[in-house]
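S.K.: With the sequence up front, the predicted model follows.
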Amino acid sequence: MAHLIRDKKKLLNRIHRIRGQVDAIERALERDDDDCSGVLQSIAACRGAINGLMAEVIEGHVRFHVIDPDSSPTSDQAKAAQKLIDVVKTYLK
C-alpha cells in the first residue's frame with residue numbers, strides 16, 4: 001500500500017477525470033443524442049483511462065510488493081519486473 005499512499009493525489013486526480021468522462025457518457029445517453037459515434041468514442045476514451053490507471057497500479061504493485069524496492073535497477077529481478085511491466089502496459093493499450 002505504500003505506493004498507493006505515496007501516489008494518492010495523482011491516482012485520485014485520475015479517478016476524478018475518469019468520473020468526469022463517465023458522467024459525460026451518462027449525460028449524452030440521457031439527452032437521447034443520435035450521435036452514437038461520439039458516445040462510442042467517449043466510452044473508448046474512458047476505457048483507455050481505466051486501463052492506464054490499472055497499468056499504473058500494477059506497476060507500483062510489482063515494484064513495491066513483487067520485487068525488493070531497494071534492489072539494484074540492474075539486477076536480474078528488476079530487469080524481469082520491467083519486462084513484465086512493459087508487457088502489461090502494451091497489453092492494456
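M.R.: That came through, no problem.
S.K.: ok, and for the helix ranked longest in the chain, which residues are buried?
M.R.: The single longest helix within the chain, with elements called by DSSP state H, is helix 36-61. By 16 or more other Cβ atoms under 10 Å, the buried positions in helix 36-61 come out as 42, 46, 49-50, 53, 55-56, 58-60. For every residue, glycine as well, the C-beta is placed using N, CA and C.
S.K.: Quick one: list the elements packing against the helix or strand of the chain with the lowest mean pLDDT.
M.R.: Lowest by mean pLDDT, DSSP states H and E among the helices and strands of the chain is helix 2-6, with a mean of 76. On a contact count with 3 or more Cβ pairs under 8 Å, 6 or more residues apart in numbering; DSSP states H and E, helix 2-6 meets helix 36-61.
S.K.: and the helix it packs on, what other elements does it pack with?
M.R.: Contact analysis of helix 36-61 by 3+ Cβ pairs under 8 Å, 6+ apart lists helix 2-6, helix 8-30, helix 76-92 as its packing neighbours.
S.K.: So, low pLDDT: which residues of the protein?
M.R.: Within the chain, the stretches with pLDDT under 70 are 1-2, 33-34.
S.K.: go with 80
M.R.: Along the chain, the parts satisfying pLDDT under 80 run over 1-4, 32-34, 69-71.
S.K.: center of it - which residue?
M.R.: L53 (1.4 Å; Cα atoms, centre = their mean).
S.K.: chain center to stretch 19-31: distance?
M.R.: 20 Å (Cα atoms, centre = their mean, to the nearest Å).
S.K.: and it, which residues are buried?
M.R.: For stretch 19-31, burial by neighbour count (16+ other Cβ under 10 Å) applies to 21, 25, 28.
S.K.: these two touch, right, the second one and A44?
M.R.: It refers to I25. No: when contacts are counted by Cβ atoms under 8 Å, I25 is not listed as touching A44 (10.5 Å).
S.K.: How much space separates K8 from K93?
M.R.: Separation of K8 from K93 (Cβ to Cβ, to the nearest Å) stands at 25 Å.
S.K.: wait, doesn't L92 sit right on I50?
M.R.: No: applying Cβ under 8 Å, one finds L92 not in contact with I50, separated by 9.0 Å.
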